[in-house]
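Asker: got a structure for you, letters missing:
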Ligand SMILES: Nc1ncnc2c1ncn2[C@@H]1O[C@H](COP(=O)(O)OP(=O)(O)OP(=O)(O)O)[C@@H](O)[C@H]1O
């Protein structure tokens with residue numbers, strides 16, 4: 001039973017129990033003639049009724065894109081599309097409608113996005129990195145870690161189309177790695193192995209930290225700037241730095257009466273403080289979690305240096321390293337306090353990097 005559960009968990013990540021040094025599954029639990037679970041999983045993607053009905057709601061631009069893409073897929077042609085448009089124009093709405101129409105025809109669509117958050121907006125969505133096993137340390141000549149004979153390659157061969165949202169956010173080497181890999185898997189030298197690829201995103205999108213007009217003014221050199229090229233923020237979007245206490249003023253401004261809102265999800269999801277350095281993140285997290293109501297639990301990280309037989313790296317030193325890709329030595333959490341995942345733990349259940 002445990003092995004079966006473990007196998008299912010590994011299957012979700014495109015792996016099998018046979019890939020590891022583990023006892024084999026009892027013969028009666030393996031159906032060798034069965035459709036691979038990775039394909040079964042895709043065939044079982046649920047499409048919400050509202051997506052099936054949204055064809056009737058598409059506006060003119062969406063309808064034109066929908067018809068063009070559907071025609072290519074139905075006629076089994078190959079093409080690469082780019083759905084361009086500013087944030088909120090309805091790109092995700094279009095992908096979901098396309099997916100619903102194709103899934104209801106029994107087709108398989110691989111829905112991916114550059115970020116975990118965007119991937120969770122598409123039924124069965126995964127990050128492109130996780131779906132196509134794109135190397136993290138990407139190089140100009142990299143290829144994806146998909147083996148031609150494995151189930152994932154079969155899934156790619158049988159799918160009707162691939163969606164990649166937020167494509168402009170990704171390094172071009174990732175797209176080129178996918179291009180090379182699809183050509184190899186599909187034994188077809190057309191772009192992306194002759195698959196229908198629907199990329200989308202917005203090259204103009206900037207983080208909604210300041211109003212766009214302000215950024216445009218900076219670009220046009222209209223706003224007053226300091227001589228050393230520093231941008232001067234207008235007072236109405238800044239909290240002046242006076243002393244360390246200004247950090248408390250900032251926290252109080254962003255999350256007023258935090259101690260009264262620990263249970264209040266709508267209050268929590270509307271607030272965030274962005275900061276460029278990990279040290280500041282750590283400092284702010286400590287201050288905010290102290291104010292958060294409830295009992296504090298400390299989760300400790302244990303570090304060791306491989307091959308350090310002479311104990312050259314003392315535990316106190318390792319604990320003091322706050323490297324960006326590692327959690328802090330002490331992670332303070334409280335019940336109901338928001339946590340953000342930094343790894344894709346289980347994308348099928350929405351547990352993605354950034355959620
Ligand atoms: N034709 C439509 N009819 C009704 N609602 C729509 C339509 N198109 C888009 N919407 C709604 O508009 C909102 C924004 O659309 P959507 O999320 O698809 O935009 P987007 O272009 O993907 O934005 P972003 O780039 O920020 O992800 C959503 O709530 C969506 O349901």
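Answerer: Received the coordinates, thanks. All values reported here derive from a predicted model rather than from experimental measurement.
Asker: Spell out which residues of the stretch 201-350 of the chain are next to the ligand.
Answerer: With C-beta under 6 Å from any ligand atom as the criterion, the stretch 201-350 of the chain meets the ligand at residues residue 202. (Each C-beta comes from the backbone N, C-alpha and C, glycine too.)
Asker: Tell me which residue in the stretch 151-300 of the chain sits closest to the ligand.
Answerer: Using C-beta to the nearest ligand atom, the closest approach of the stretch 151-300 of the chain to the ligand is made by residue 202 at 5.3 Å.
Asker: So what's the residue count around that residue?
Answerer: 17 (other C-beta atoms under 10 Å).
Asker: wait, what's in contact with residue 265?
Answerer: Neighbouring residues of residue 265 by C-beta atoms under 8 Å, 6 or more residues apart in numbering: there are none.
Asker: pLDDT at it, what is it?
Answerer: pLDDT, the model's per-residue confidence, is 87 for residue 265.
Asker: which phi and psi does it have?
Answerer: As for residue 265, its main-chain torsions (degrees, to the nearest 10) stand at phi -60, psi -50.
Asker: Also the one 4 residues further on?
Answerer: With angles defined as degrees, to the nearest 10, residue 269 sits at phi -70, psi -10.
Asker: neighbours of the residue lying closest to residue 19 once chain neighbours are set aside, just the number please.
Answerer: Nearest non-adjacent residue to residue 19, counting by C-beta to C-beta, 6 or more residues apart in numbering: residue 10, 7.4 Å away. The number of residues packed near residue 10 is 17, by other C-beta under 10 Å.
Asker: Then residue 125?
Answerer: Using other C-beta under 10 Å as the criterion, the residues surrounding residue 125 number 27.
Asker: wait, isn't residue 97 in contact with residue 54?
Answerer: Yes: applying C-beta atoms under 8 Å, one finds residue 97 in contact with residue 54, separated by 4.6 Å.
Asker: of the two, who's got more company?
Answerer: Ranked by neighbour count (other C-beta under 10 Å), residue 97 and residue 54 place residue 97 first, with 26 against 20.
Asker: which residues of the protein fall in strands?
Answerer: For the chain, the strands defined by DSSP state E cover 80-84, 109-113, 126-127, 161-165, 197-201, 296-300, 330-334.
Asker: touching the ligand at all, the fourth one?
Answerer: The one in question is strand 161-165. No: where contact is defined by C-beta under 6 Å from any ligand atom, no part of strand 161-165 touches the ligand; the two come within 7.3 Å at best.
Asker: same for that strand, what does it pack against?
Answerer: Contacts of strand 161-165 with other secondary structure elements, assessed using 3 or more C-beta pairs under 8 Å, 6 or more residues apart in numbering; DSSP states H and E, are made with helix 91-104, strand 109-113, strand 197-201.
Asker: Any chance of those in JSON lines with mean pLDDT and distance to residue 48 as columns?
Answerer: As requested, those are arranged in JSON lines below (pLDDT from 0 to 100; distance: least, C-beta to C-beta, whole Å):
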{"stretch": "helix 91-104", "mean pLDDT": "93", "distance to residue 48": "8"}
{"stretch": "strand 109-113", "mean pLDDT": "93", "distance to residue 48": "14"}
{"stretch": "strand 197-201", "mean pLDDT": "93", "distance to residue 48": "19"}
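Asker: Which among these is found nearest to residue 2?
Answerer: Go through these one by one with C-beta to C-beta and the one that ends up closest to residue 2 is strand 109-113, at 30.5 Å.
Asker: strand partners of the closest one, parallel vs antiparallel please.
Answerer: Sheet pairing here is set by DSSP bridges, and for strand 109-113 it gives strand 126-127 (parallel), strand 161-165 (parallel).
Asker: mean pLDDT lowest for which of the ones you listed?
Answerer: With a mean of 88, strand 126-127 has the lowest mean pLDDT of the strands paired with strand 109-113.
Asker: So what touches that one?
Answerer: Outside strand 126-127, the residues that reach it (C-beta under 8 Å, 6+ apart) are 110-116, 119, 344, 347-348, 352-353.
Asker: and what of stretch 288-301?
Answerer: Counting by C-beta under 8 Å, 6+ apart, stretch 288-301 makes contact with 251, 255, 258-260, 262, 319, 326-337, all of which sit outside it.
Asker: go on, stretch 67-77?
Answerer: Among residues not part of stretch 67-77, those counted as contacts by C-beta under 8 Å, 6+ apart are 78, 79, 81, 98, 101, 102, 107, 160, 161, 196, 198.
Asker: Assess the claim that residue 144 and residue 135 are in contact.
Answerer: Yes: using C-beta under 8 Å, residue 144 and residue 135 qualify as a contacting pair, with a distance of 7.5 Å.
Asker: Can you tell me the closest non-neighbouring residue to residue 140?
Answerer: Nearest non-adjacent residue to residue 140 (C-beta to C-beta, 6+ apart): residue 173, at 5.6 Å.
Asker: Now do the same contact list for the residue of the chain most remote from its centre.
Answerer: Among residues of the chain, the one most distant from the C-alpha centroid is residue 310; the distance is 40.7 Å, by C-alpha atoms, centre = their mean. When the contact criterion is C-beta under 8 Å, 6+ apart, residue 310 has no partners at all.
Asker: Next one: it relative to the ligand, how far apart?
Answerer: Taking C-beta to the nearest ligand atom, to the nearest Å as the measure, residue 310 falls 53 Å from the ligand.
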